[in-house]
Every structure is written in C-alpha cells, then in structure tokens.
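Visitor: predicted model and sequence follow; I will ask about them next.
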Amino acid sequence: MAQITEYEGIIAELIFHNDENGYTVAVFETETEAFTAVGNLPSAAIGKSYRIQGQFVENPRYGEQFSIQSFEEIMPSTKEGIREFLSSGVLKGVGRKTAAAIVTAFGEDTFDIIEQQPERLIEVSGIGPKTAEKIAAAFAEHREFAKVTMALQQYGISAEQTLKLYQVYGADTVDIVLENPYTLVDDVYGIGFRKADKIAEKIGIEKDDEYRIQSGIKFTLQWFANEGHTFLPEKELCEKAGELLDLPRDLVRSNIEIMAFLGDVHIDLVEEQRVVYLIAFYAAEQNVCKCLRHLNNADLKPISGSVDSLIRQTEIATGIGLSEQQKHAVASSLNMGVSVITGGPGTGKTTIINTIINILEDSGLKTAIAAPTGRAAKRITETSGHPASTIHRLLEYTFYEEGGAYFGRNAENPLEYDAVIVDEASMIDLLLMNGLVSAIRPGTRFIIVGDDDQLPSVGAGNVLRDIITSEYIYCTKLTEIFRQARESMIVVNAHRINHGEYPDCNAKDKDFFLLQRKTEKEMLATIKELCIKRLPDYYHDLVDGGLEPVRDIQVLTPVRKGTLGCLNLNQELQAVLNPQSADEIEAKAEKQYGDKVFREGDKVMQIRNNYELKWKNHEDFTDGEGVFNGDIGTIVRIDAEYSEMTVVFDNVRYVTYNFNQLDELELAYAITVHKSQGSEFPIVVMPVSWFPPILATRNLLYTGVTRGKQIVVLVGSEDKLKGMVNNNRISHRYSGLDWRLQRFFEFE
C-alpha cells in the first residue's frame, strides 16, 4: 500500500475545478517540486496555499498524480501571497486591482485589518462602507468554512458534503452533524439517508439506534412519496425499511408504533389493510376530502338568469356555438359547488372555460383562473384571453425569513373569489390540492379542468383521477372532437393513441410524421438534422417572425440516460445549435458545472420551484419573486468575476443565479415528457426506440404528442411506436383519496 505523505505549497495552475463539489485538478507547487494533485478542494484558486495529505497513484491516462485525501488551507503571509489570495475569487467583487490596492495600503497586516478592523478598508480608494462590510463578511465566512471542513474531514465527510451542510447550518454545522447526522436527510438537499448513514457510522452511532431506524422508516416513506404514493401498506414498509437498515422487520414495526405515538407517522386502515402515512400526507388527504365535501354542499351565489339563456347570450356575443355536451359541462359547473371537466385535445375545454368565465363576470361574480405551472398559466392566458396565474402565486406562497414557507391564503385568510377554475389538474399533487381547497371559501364554485389520460402529477397522489373515480364529485367527460380539431392529425392521432389505436403518420400536407430509423445512432443523427436544417428550412414561416430552432423546436424523450436520453441529447444539440466559437474574440462566456457546460445563448430549464428567486421584467419594469419547475429560458450573461449567470424567461423576466445555484438549472434543448406537462411547443420532435416498459407507455406517448401545437415528428421504429400504444400500463399509486371520498358518497 502506497505511503501517505504530506506537502505544503500553492496551486500554481488550475487545470479543472468544479464549484458544485470542489473536485479539483491542479498543478501543486512546493519549495522543491511541482506535481499534479487531484481531489476535493473547495474554493480552489491559483495562488492559494494548502497543506495536503495523500498518496501518489498511477492514472492509466494521465500518468502519476497525487490523490488528495485530506487538506488544510494555509493563509499566505507574504504580500504577493495575500494579493493572490484576495484576487482568487474567494471574496466576491474583489478583482486584481482592488486586491493590489488593499495590500498596498496594509501590507502583511491585511488579514488582521479585514478580520479585526474592517472599517479601515474605506481608507482604500474605491472601497465604500458597504463594500468594506461585504469583504469582511466574505472573509469571515471563508475562514469559518475552512474550520468546519477540517473538523468534519476526520469523519469521512467530503468537501462536497461539507459545502452543502455549511450552506444550511453555517457555524453550527459541526455541532448538528455530531449530535444527530440523520437530521441532514430532512434539512439538506442532496444528502439522503445513505450518505447520512455513512456519516453516522464514522461517528460511531449503533446500527439499531432509534434515530437511525426511524430516519430509515421516514426515508422509505419519502422515497415512495417521490414515486407518487401517499402511503405504504405496513407489511411492505417493514420489508423495504428492513432491507435498507439491514435489521429485523419486527424492530422496524415496533419503531413505526413509536413514531405513530410521537405523531411522525399515522397508521390507518384503508380498505381493510393497515397502512402507514407520513403525517403530512394523511392530514392532507383528510382535509382535501373535508373541504371538497363542504364546497360541494354549500349554497352558491346566484347567477343573473337561467343557465340556458345565459349560454345562448354568450354564444351570440362570441359567435361560437356550443355542443350539447359543452352546454352540459357549463351548466354543471355553474350549478354545483365542485365540478370536474375532463377530455382530450380538441374537445373544447377552452371554449367551455371562456363561456363559464363570461357568464360569471356578467353576473358580477369574481373569478380566479390558475394552473400548476407558470408555462401552463401562460398558455391559458394566451388561449383564453383571461389572465391566469400559478396556483402558488394565487395562494400567495411566501417564505419565512428564518426558513420555511407557507401559503398566505388559507382557511384563516381565504381567497376572495366567487369562483376558482384550475386547468391542467392532472398535474396537481395531493399537497398542492390541500393548500388550494383550504383557501377556497364554501359558497365558491370550484371548477376542476384537466385530462385524466395525461401522466399523473410528479408529486405524491393521484388527485384528478381519484376525484373522478370516487364518483363523489360530478364529472363531465368530453368525447366529441370538433371539426377544426379533426383537421389536425396531432389531435386525431392523440385520440387514436388514447383509444389503443395506431397513429396515422405521414399524411400529405398534414402535421404528424414518423421518420423510420433502425438504430439509436441513426435516430440521434436525424434528430440533430431536423433541428439544425430540415425543420427550420421547411417551416420557416410557421412562427411569426420566422422559426428559431432553439426557441420553437422542443425535443422530448421518455428517459434521462442513454443515447436518446435528455442528458446526452442536450450535449449533442448544444454542440450544433449553440456551438462555441473557435475565435477567442467571439467566444461565448461559459461555465462548467459538474458534467454540464452552460454557455451564453443556451436554452435552460428550472428543475425545481424556487419562490425566493428574484426577477425583473424588462418590458414593464416590474419585479417579483419565484421561478418554477419547468420554466424554460435562455442564458444571456455569464459573469465569472461575480460568479453569476443571468437567464431570461418568457423573453422579459431576467433572473440572476449565483454559481452555487446552478444545480437548479439544466440544459433544455431536450427535456423529458414528464417535464413537458402543461406546456405546448410549436414543433415537437420525439425519439421512439426501446425504452424501459414502465416508461414506454401509451399515456406517456399520448402526453408527448399532445405537447405539439403545430408539428409533431416521431423518429424511430414503427414497431416500437406500436409497442408503446399497446402498453397501457398505468403505474399503480397507493392513494386513499378516492376511498375516502367514496365513503362520503356512500354516507350521503
């Protein structure tokens, strides 16, 4: 075994550094030698000094390298070293000129001045009180983080993990980790049970410790919640958690009882089977049922005439006649406390919504329209002409200063509307529905619109389908496709797919195509050719102002990994749609983050809700907060000096991300079908190859096809396309909402 050795020196050259996890490849220079060092060094920069421990290893590709196993940052003592440290990027906003000016003023006492007398920094030309304060705070934070990193190294906690912990706990990091590392699972994004378990083992926590067992049970329930389940049968939970913990099932079961007593979980009997809920999902399921019952049974404010006459007046005013089925949907929505309207594309849901809104407004009733995502809300506004918002914005989602968040609109402060219409309801999970119905006053009409044949919500629950199958809430199922919609093969084929029939592809002068290719390599090449040349050339006038490939063509795929997964497709499409210039003068700024490269001009997507991110609207000069999962934008600026990247959403909302927030973004030339829900794109391109059976399903194909507004192009195998149509597998979700609603129905 190679000997562990220790060296002191500086980073002379930075070959690679990942801000996300601290992974670094650098030329390390001591007083007597220089060599390549590889390992985790957070905030590594040229000129910074370290004491590193590790061993030399032989890399088959790069030769001998020093593998860093632990490190300690050494603060420089010379003027040159101090200047290099200050300008290394560690202190945000301090460039080479400012660093030189500070060192000229204070020499070798610079660090003492910054730490103990930061107010003296204003003696340096160009530094005001606010800048001095920021420099001192950044320096203090850097020193504190270095101490935390040193303290946690002995427990096998990597620099990457330490960085995530420190961002949450700050100066208390070490105390919290040593007291109970399993709290990290709930508090720190990206640290799951297995990571916390390894830390606990290093600290010396026993395998059968109650903290460990109960954390494992919560982790198991949360993992299944992430898969869409609101509960687990107790027997299955004991099996899964027992496997995770490597402990007997009886020990797991006894801890479930303890957790139920403490109120962390709830044990219930659903359809004569003992099941276990995380307490939040049990409470939400109960409350959704209670609220829907109250809303359904409440007296409503009257409208200004008979429904039939009001529908006729609206038809005359708009020039749009309604079918009998549409009239029935409008009438049921106006006459009932809660109603559901469901149907596929081309069945007239938008016409129904517009008719309902017109009648309500003419009756002096105030109406709110909302959808689960920003893109879906924007689409409703465009198609209906009525302003729509996200459900979160409607409910005034707000963050506490000390952490955590809440809905500003709730049972104590309900929405001040006479009717609430939510569209794209298939995307609404249990917790979001709970927040929504809690904020709607009895006496308010609650109208739920969606396509229950779409993919279910990403979050736990099966809300729309459960409400429909319970038969407790009145539901209108739209089946008639209207003449204009029948002219579109996208609409016709969507319904064919939904009914288990094969789509009709490549009809002349139509909008739905299948380009048959045998291998994934051929499919990839065709997708790239379509995006670069064939579609932009042929459909140049499809979009006002001319079709722009990055903006108007969206590649959808069922999977993330593999040749046709969105991760690889994004790299391939980035290289051809937004390549780096070979000319250094014209080169676009870019930022390496993990295995991704973000480049100015790239199409990107926000991958989780962030209600605190601030934006500025450069059209009307307003500002606000909140960027949501699924929002797609374009990178307009990357500023390495300030470690910031600016993205514009909807062409007007500018959002600035710090480099340590870039895990919230992904390239979006290609996205998964799941991420596309609630959106429409002028042109959709989708590979059809072998995919895992759980993903190669009829409703996933149906969802992907219905995202295309004007053109859909499938690329791949006709046999695989037929296989997806034949695969009517719908993933089963454990959910008690339909059962609870049925009990109300039977009782009443």
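Guide: Okay, I see it.
Visitor: what about this protein, any weak spots by pLDDT?
Guide: 1-2, 19-21, 88-90, 93, 156, 158-160, 189-190, 400-404, 483-486, 748 (pLDDT under 70).
Visitor: what's the single longest helix in it?
Guide: In the chain, taking DSSP state H as the definition, the longest helix is helix 129-153.
Visitor: that one: what's the following helix or strand?
Guide: Going down the chain from helix 129-153, the next helix or strand is helix 159-169, by DSSP states H and E.
Visitor: and that next one, how far out from the chain middle?
Guide: Per C-alpha atoms, centre = their mean, to the nearest Å, the displacement of helix 159-169 from the mean C-alpha position of its chain is 21 Å.
Visitor: contacts for that helix next, please.
Guide: 20-23, 40-42, 145, 148-149, 152, 157, 173, 176-177, 184, 187-191, 195, 199, 660 (C-beta atoms under 8 Å, 6 or more residues apart in numbering). Where you see a C-beta, it was placed from the backbone N, CA and C, and this is true even at glycine.
Visitor: report the angle between that helix and helix 129-153.
Guide: 130 degrees (axes from the mean of the first three to the mean of the last three C-alpha atoms, to 10 degrees).
Visitor: and helix 159-169, which residues are buried?
Guide: Buried residues in helix 159-169, counted by 16 or more other C-beta atoms under 10 Å: 159-166, 168-169.
Visitor: nearest to Phe621 among those residues?
Guide: Val168 (34.7 Å; C-beta to C-beta).
Visitor: doesn't Gln454 lie inside a helix?
Guide: No: assigned with DSSP: H, G, I helix; E, B strand; the rest coil, Gln454 falls outside any helix and is coil.
Visitor: for it, give its distance to Leu464.
Guide: Between Gln454 and Leu464 the computed distance is 9 Å (C-beta to C-beta, to the nearest Å).
Visitor: joint contacts of those two?
Guide: Ser426.
Visitor: any idea how far Arg194 is from Leu184?
Guide: 11 Å.
Visitor: more neighbours: those two, which one.
Guide: A direct count of neighbours by other C-beta atoms under 10 Å for Leu184 and Arg194 places Leu184 higher, at 26 against 11.
Visitor: hmm, that one is touching Asp197, no?
Guide: No: if you go by C-beta atoms under 8 Å, Leu184 and Asp197 don't touch, sitting 10.3 Å apart.
Visitor: what's the neighbour count on Arg312?
Guide: Arg312, neighbours per other C-beta under 10 Å, totals 15.
Visitor: swap in the one 4 residues further on?
Guide: Around Ile316 sit 10 other residues, with neighbours defined as other C-beta under 10 Å.
Visitor: and it, that's in a helix?
Guide: Yes: judged by three-state DSSP, Ile316 forms part of a helix.
Visitor: now do the strands in the stretch 201-350 of the chain.
Guide: 231-233, 265-270, 273-278, 338-343 (DSSP state E, counting those that start in this stretch).
Visitor: partners of the shortest one in the sheet?
Guide: Neighbouring strands of strand 231-233 in its sheet, by DSSP bridges, are strand 273-278 (antiparallel).
Visitor: quick one, the partner strand and strand 265-270 angle?
Guide: Using the same axes, to 10 degrees: strand 273-278 against strand 265-270 is 150 degrees.
Visitor: neighbouring contacts of strand 273-278?
Guide: Taking C-beta under 8 Å, 6+ apart as the rule, strand 273-278 contacts 218, 221-222, 225, 230-235, 237, 256, 260, 264-269, 285, 734, 736.
Visitor: list the buried residues in that strand.
Guide: Quick answer for strand 273-278 (16+ other C-beta under 10 Å): 275-278.
Visitor: swap in stretch 463-472?
Guide: Using 16+ other C-beta under 10 Å as the test for burial, stretch 463-472 gives 463-470, 472.
Visitor: return the member of those residues nearest to Val555.
Guide: Leu464 (27.3 Å).
Visitor: just say helix, strand or coil for that closest one.
Guide: From three-state DSSP, the assignment for Leu464 is helix.
Visitor: surely it touches Thr342?
Guide: Yes: using C-beta under 8 Å, Leu464 is in contact with Thr342, at 7.4 Å.
Visitor: need the residues touching each of those two.
Guide: Residues touching both Leu464 and Thr342 (C-beta under 8 Å, 6+ apart): 450, 452.
Visitor: what's the burial count for Ser87?
Guide: Neighbours of Ser87 (other C-beta under 10 Å): 21.
Visitor: one more: Thr634?
Guide: Thr634 has 18 nearby residues by other C-beta under 10 Å.
Visitor: how about residues contacting the helix or strand harbouring it?
Guide: In the assignment (DSSP H and E), Thr634 maps to strand 632-639. Residues outside strand 632-639 that contact it (C-beta under 8 Å, 6+ apart) are 375, 550-551, 589-591, 598-606, 644-650, 653-655, 668, 671, 679.
Visitor: which PyMOL command selects the buried ones in those?
Guide: Those of the contacts of strand 632-639 that count as buried under 16+ other C-beta under 10 Å are selected in PyMOL with:
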select buried, resi 375+550+590+591+598+599+600+601+602+603+604+605+606+644+645+646+647+648+649+653+654+655+668+671+679
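Visitor: from the contacts of strand 632-639, which land in helices?
Guide: Per DSSP H, the contacts of strand 632-639 map to helices at 375, 550-551.
Visitor: mind putting those in TSV, distance to Arg637 included?
Guide: Putting the ones in helices among the contacts of strand 632-639 into TSV (distance: C-beta to C-beta, whole Å) gives the following:
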residue	distance to Arg637
Arg375	23
Val550	17
Arg551	18
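Visitor: list just the nearest of the residues you listed to Glu31.
Guide: Looking across these and measuring by C-beta to C-beta, the closest to Glu31 is Val550, at 51.4 Å.
Visitor: contacts only, for that closest one.
Guide: Per C-beta under 8 Å, 6+ apart, neighbours of Val550: 577-578, 601, 603, 634, 669.
Visitor: between those, which is closest to Thr350?
Guide: Lys603 (27.3 Å).
Visitor: returning to what we had before: and the strands of the stretch 201-350 of the chain, which is most packed in?
Guide: Across these, averaging neighbours per residue (mean count of other C-beta atoms under 10 Å) puts strand 338-343 on top, at a mean of 24.
Visitor: what strands flank that one, and is each parallel or antiparallel?
Guide: When DSSP bridges is applied, strand 338-343 pairs with strand 445-450 (parallel), strand 474-478 (parallel).
Visitor: in a markdown table: those strands, plus mean neighbour count and distance to Leu14.
Guide: Listed next are these as a markdown table, based on neighbours: other C-beta atoms under 10 Å; distance: least, C-beta to C-beta, whole Å:
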| stretch | mean neighbour count | distance to Leu14 |
| --- | --- | --- |
| strand 445-450 | 26 | 51 |
| strand 474-478 | 18 | 60 |
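Visitor: figure out which of these is closest to Glu84.
Guide: strand 445-450 (58.8 Å).
Visitor: quick one on the thing from earlier: need the contacts of Val550 in JSON lines (columns: distance to Arg534).
Guide: Shown next, in JSON lines, are the contacts of Val550 (distance: C-beta to C-beta, whole Å):
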{"residue": "Leu577", "distance to Arg534": "14"}
{"residue": "Asn578", "distance to Arg534": "18"}
{"residue": "Gly601", "distance to Arg534": "22"}
{"residue": "Lys603", "distance to Arg534": "19"}
{"residue": "Thr634", "distance to Arg534": "23"}
{"residue": "Tyr669", "distance to Arg534": "16"}
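Visitor: just these: which are in strands?
Guide: If you go by DSSP state E, those have 603, 634 in strands.
Visitor: nearest to Arg83, of the contacts of Val550?
Guide: Gly601 (35.0 Å).
Visitor: just list the residues touching the nearest residue to that closest one once chain neighbours are set aside, thanks.
Guide: Nearest residue to Gly601, sequence neighbours excluded (C-beta to C-beta, 6 or more residues apart in numbering): Asn578, at 4.6 Å. Residues in contact with Asn578, defined by C-beta under 8 Å, 6+ apart, are 550, 588, 599, 601-603.
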